[in-house]
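Undergrad: predicted coordinates and the sequence they were generated for:
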Amino acid sequence: MPTPHNSAAKGDIAKTVLMPGDPLRAKFIAETYLENPVCYNEVRGMLGYTGTYKGVRISVQGSGMGIPSIGIYSWELFNEYDVDNIIRVGTAGAIADNVNLREVLIAQSASTNSNYAAQFDLPGTYAPTASWKLLSAAVEAAKAKGSIYHVGNIFSSDTFYDDSSSLSKWAKMGVLGVEMESAALYMNAARAGKNALCILTVSDCPFKGLATTAEERQTTFRDMMEIALEAAVSVS
């Protein structure tokens, strides 16, 4: 049955979903890489498509910005639409010295300042972590492509405009970059017994004063998209 946020019927969505934050990036991926893509959702402009890639049925859908938004969409995909794998394909700001513009981050774990985990009533601090089968598949795909990539911890922040200027503190702990969604995705996957991974392209380097344009973020980060697609095929 459709949800308040997704008009798809059961069976419209594949077992593996690529999930960019930007619905226009979802549209670009579907029209560029998928054969015979069909749009299954337009509710709130959060476009979703299903097609095939190398003969494997794959969906791609926007998540919106921030932990609350991806928390809703990924929860519904895992629990209402029987999706098994979600691969976030997003952007990040690099905060590690050795990470540069347009390089790829594969998020082994996602530190966060969000209170999202409080709902699970855990007797401690939870460590949101990627699923190994997706992580290993993405690393192999990145190696095969010859991409410049980094595997490690990222920071999922609830604030884009951070009044405390905390990023340097996270960088001291070896965190590679900052984004706003992955911790919730990893927690939802864990709770549902499903699989999740975050693959990010470095769109800006705040400590170096470098940034890409909004159009570049929608349409030119192809290494990340192709790594995610190859990983999706390998686990399907």
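TA: It's in.
Undergrad: mind checking the SS state of the residue positioned nearest the centre of the chain?
TA: Nearest to the geometric centre of the chain sits residue 88, at 1.7 Å (C-alpha atoms, centre = their mean). Assigned by DSSP: H, G, I helix; E, B strand; the rest coil, the conformation of residue 88 is strand.
Undergrad: so it sits against residue 19, correct?
TA: Yes: using C-beta atoms under 8 Å, residue 88 and residue 19 qualify as a contacting pair, with a distance of 5.0 Å. For glycine as for every other residue, the C-beta is placed from the backbone atoms N, C-alpha and C.
Undergrad: what do those two both touch?
TA: 63, 70, 185 (C-beta atoms under 8 Å, 6 or more residues apart in numbering).
Undergrad: which of the residues you listed lies closest to residue 225?
TA: When those are compared for distance to residue 225 (C-beta to C-beta), residue 63 wins out at 15.0 Å.
Undergrad: before we move on, which element is that closest one in?
TA: Residue 63 belongs to no helix or strand when assigned by DSSP states H and E.
Undergrad: next, give phi and psi for it.
TA: With angles defined as degrees, to the nearest 10, residue 63 sits at phi -110, psi -10.
Undergrad: pLDDT score for the spatially closest residue to it that is not a sequence neighbour?
TA: Nearest residue to residue 63, sequence neighbours excluded (C-beta to C-beta, 6 or more residues apart in numbering): residue 70, at 4.1 Å. If you check residue 70, the pLDDT there is 98.
Undergrad: shouldn't residue 70 be in contact with residue 183?
TA: No: using C-beta under 8 Å, residue 70 is not in contact with residue 183, being 9.3 Å away.
Undergrad: neighbour count: these two, which is higher?
TA: Neighbours per residue (other C-beta atoms under 10 Å) separate residue 70 from residue 183, with residue 183 holding more: 31 against 27.
Undergrad: and the gap between that one and residue 211?
TA: 23 Å (C-beta to C-beta, to the nearest Å).
Undergrad: can you pull the alpha-carbon coordinates of the helix or strand bottoming out on mean pLDDT in the chain into CSV?
TA: Ranked by mean pLDDT, DSSP states H and E, the weakest helix or strand in the chain is helix 214-219, scoring a mean of 78. Only the C-alpha atoms of helix 214-219 are listed here, as CSV (Å, rounded to 0.1, in the frame of the first residue of the first chain):
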residue,chain,number,x,y,z
ALA,A,214,24.8,22.7,-7.5
GLU,A,215,24.6,21.6,-11.1
GLU,A,216,27.9,19.7,-10.8
ARG,A,217,26.5,17.9,-7.7
GLN,A,218,23.4,16.7,-9.6
THR,A,219,25.0,15.4,-12.8
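Undergrad: so for stretch 49-61, mean pLDDT?
TA: Stretch 49-61 shows a mean pLDDT of 98.
Undergrad: count of neighbours near residue 189?
TA: Residue 189: 26 neighbours (other C-beta under 10 Å).
Undergrad: now do the same for residue 101: helix, strand or coil?
TA: Assignment for residue 101 (three-state DSSP): coil.
Undergrad: relative to residue 18, how far out is it?
TA: Relative to residue 18, and taking C-beta to C-beta, residue 101 is found at 22 Å.
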